[in-house]
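[1] here is a sequence with its predicted model. Questions after.
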Amino acid sequence: MEIWVLTNTEDASSYGINRFTEEAKKMDIDLHVVLPHECDLIVTQEGKRSIRLHGNTVDKLPDCVIPRGIGQSYFGLAILRHLEQLGVFILNNNRAIRVAADKLATIQMLSRKNIPIPKTMLAKFPLNLELIKKEFVFPLVLKKITGSQGRGTMICDTENALSDVVDMIDPKSNIIFQECMKDSLGKDLRVIVVGGRVIGAMLRKAKPGSFKANYSIGGKVENADVTPEMEWLAIESTNTIGLELSGVDLLFDGSSFRICEVNATPGFKGFEEATKINVARQILEFVQIRLNMVSENSV
């Protein structure tokens, strides 16, 4: 079995990539880390498609491609789409990655299924503060439409703070306002779903002075027991976006939860540390099962 991990230069030596490499070696999987700029895709009038790697035509396509960190890269997503059209199994597919990378699109799709979400509004400039005050109670969360690991997210405690922040935002930026879940300030849950199954969950807690609980920016993590509600929310959200691998972030809301985000390429360094679950192996084992199922059905 041959797998490509399609990633960007920044993530090429990340924890996740290294863990995939380690586990693939143990499982006798031929795994290659591929950067989008190393590829060339070709489409002809006759409908033929081919792909080149390092300038050479790829005669034998990989059995699977696992994208990591290319959700906002047009070229990277085009490579995924091309390989998908050539019949390669992509974990996750191009369309689902694009939806998950757009926080508003994600919220809109979840809302259609009546999955609990924080109240959300797309910012329009010049800002209508009266409408915002009518629809929301401070504190208020501001988020860029795209972004990960807590980047592009901040909290405004007052109307004046919101006005000051908005004055500094490029009006061409795509921003959403979101209801602040006070029960979840400084903490949330990350649930990882692989192949329609929840493999575990962790509780994330923000470092002192921060409301962001992300492990990547200093948050503390610990194992969390998965309840039936957590499991249902994570799987339903993942299926709604069209993902087969996801990291679902749950916000506390009293005794229940609301979905914060659904991540198509979840990092798992903190998750493995907190839960002791071998996430990389679980993902690779799912790929093996998925490909075996396709092979059996084609016979």
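    Cool, got the structure.

[2] look up how far K48 lies from N56.
    17 Å (CB to CB, to the nearest Å). All C-beta atoms are positioned from the backbone trio N, CA, C, and that covers glycine.

[3] can you give me the helices in the protein?
    Assigned by DSSP state H, the chain shows helices spanning 15-26, 74-85, 94-101, 103-112, 129-135, 159-166, 228-241, 269-275, 279-298.

[4] any idea how far the fifth one is from the chain center?
    Right, the one you point to is helix 129-135. 30 Å (CA atoms, centre = their mean, to the nearest Å).

[5] what packs against it?
    In this structure, helix 129-135 packs against helix 159-166, with contacts taken as 3 or more CB pairs under 8 Å, 6 or more residues apart in numbering; DSSP states H and E.

[6] likewise for the last one?
    Of the remaining helices and strands, those touching helix 279-298 by 3+ CB pairs under 8 Å, 6+ apart are helix 15-26, strand 64-68, strand 89-90, strand 187-194, helix 269-275.

[7] save these as CSV, and put in distance to Q108, mean neighbour count and mean pLDDT too.
    CSV is the format used below for these (distance: least, CB to CB, whole Å; neighbours: other CB atoms under 10 Å; pLDDT from 0 to 100):
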stretch, distance to Q108, mean neighbour count, mean pLDDT
helix 15-26, 28, 17, 95
strand 64-68, 23, 23, 96
strand 89-90, 23, 20, 96
strand 187-194, 20, 24, 97
helix 269-275, 27, 19, 95
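
[8] low pLDDT regions in the stretch 151-299 of the chain?
    By pLDDT under 70, the weakly predicted segments of the stretch 151-299 of the chain are 209, 213, 216-217, 293-299.

[9] ok, what's across the strand from V198?
    Applying DSSP bridges to V198 gives these bridge partners: V193.

[10] how close does the residue sitting nearest the centre point of the chain sit to L243?
    Residue closest to the average C-alpha location in the chain (CA atoms, centre = their mean): N263, at 1.9 Å. According to CB to CB, N263 stands 9 Å off from L243.

[11] how about N128?
    In terms of CB to CB, N128 sits 34 Å off from L243.

[12] cool, and K48?
    30 Å.

[13] so between the two, which is more surrounded?
    L243 (25 against 8; other CB atoms under 10 Å).

[14] return the residues in contact with the more buried one.
    Applying CB atoms under 8 Å, 6 or more residues apart in numbering, we find L243 in contact with N92, A96, A100, V193, V262, A264.

[15] surely V248 is in contact with V194?
    No. Assessed by CB atoms under 8 Å, V248 is found out of contact with V194, at 11.7 Å.

[16] related to what we said a few turns ago, make a markdown table out of the helices and strands packed on helix 279-298 and add distance to T158.
    Formatted as a markdown table, these follow (distance: least, CB to CB, whole Å):
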| stretch | distance to T158 |
| --- | --- |
| helix 15-26 | 38 |
| strand 64-68 | 39 |
| strand 89-90 | 45 |
| strand 187-194 | 23 |
| helix 269-275 | 32 |
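
[17] mind checking which of those is nearest N239?
    strand 187-194 (8.9 Å; CB to CB).

[18] can you count the residues close to Q108?
    14.

[19] actually L127, sorry about that
    So L127, with other CB under 10 Å, has 17 neighbours.

[20] hang on, isn't it packed against V166?
    Yes. If you go by CB under 8 Å, L127 and V166 touch, sitting 5.2 Å apart.

[21] T158 versus the nearest residue to F125 once chain neighbours are set aside, what's the distance?
    Excluding the flanking residues, the one nearest F125 by CB to CB, 6 or more residues apart in numbering is P171, at 4.0 Å. Distance of P171 to T158, given as CB to CB: 22 Å.

[22] adding distance to P139, write the contacts of L243 out as JSON lines.
    Converted to JSON lines, the contacts of L243 look like this (distance: CB to CB, whole Å):
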{"residue": "N92", "distance to P139": "33"}
{"residue": "A96", "distance to P139": "32"}
{"residue": "A100", "distance to P139": "26"}
{"residue": "V193", "distance to P139": "30"}
{"residue": "V262", "distance to P139": "23"}
{"residue": "A264", "distance to P139": "28"}
